[in-house]
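**Student:** sequence? don't have it. structure:
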């Protein structure tokens, strides 16, 4: 089955969070992904989008976030491309779920809900990061978009 790739570029503004989540939800529905996979993708989209705005872009207006959703036969790849300062995902500690703390749950949720999580610099040498999250699903779940 060939891959289907969907993308959207949004302004780096928290008011666009619902648009980002709705985009992912709509693609999941159109591709008939199972409910668990869809919910995981929507949750991590919200976490990643808000983290980029707050941390990578430091709430600075005028920046953009590109979201790519690639649907394969048994895998979904969700990618965020930002215009922020370099980010070391490995520097984020593995927090115990019960630890009392304000914030810091976004990366925990991404690590927990996704099967793979990586972040690196944009290969073009431009300022920015590429956050890549992979969710494996049952073969045939994405049959409508292949």
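**Tutor:** Noted; the coordinates are in hand. Quick caveat: nothing in here was measured; it's all calculated off a predicted structure.

**Student:** For residue 134, give me its contacts.
**Tutor:** 75-78, 114-117 (CB atoms under 8 Å, 6 or more residues apart in numbering). The C-beta positions use only the backbone N, C-alpha and C, and glycine is treated the same way.

**Student:** what's the helix or strand for the residue nearest the centre of the chain?
**Tutor:** When the chain is reduced to its mean C-alpha position, the nearest residue by CA atoms, centre = their mean turns out to be residue 45, at 4.4 Å. Secondary structure assigned from DSSP states H and E places residue 45 in helix 35-51.

**Student:** re earlier: for the closest residue to the residue nearest to the centre of the chain other than its chain neighbours, give its distance to residue 109.
**Tutor:** Distance criterion CB to CB, 6 or more residues apart in numbering; nearest residue to residue 45, sequence neighbours excluded, is residue 24 at 4.6 Å. Distance of residue 24 to residue 109, computed by CB to CB, to the nearest Å: 14 Å.

**Student:** Same drill for the two, tell me which one is more crowded.
**Tutor:** residue 24 (24 against 16; other CB atoms under 10 Å).

**Student:** Would you verify that the more buried one is located in a helix?
**Tutor:** Yes. Residue 24 sits within a helix when classified using DSSP: H, G, I helix; E, B strand; the rest coil.

**Student:** I'd say it and residue 41 touch.
**Tutor:** Yes. At 5.3 Å, residue 24 counts as touching residue 41 under the criterion of CB atoms under 8 Å.

**Student:** joint contacts of those two?
**Tutor:** Joint contacts of residue 24 and residue 41 (CB under 8 Å, 6+ apart) are 69, 78.

**Student:** ok, back up a step: buried ones among the contacts of residue 134?
**Tutor:** Among the contacts of residue 134, those buried by neighbour count (16 or more other CB atoms under 10 Å) are 75-78, 114, 117.

**Student:** out of those, who's nearest residue 132?
**Tutor:** residue 77 (6.6 Å; CB to CB).

**Student:** and residue 61, what does it touch?
**Tutor:** With the criterion set at CB under 8 Å, 6+ apart, residue 61 makes contact with 11-13.
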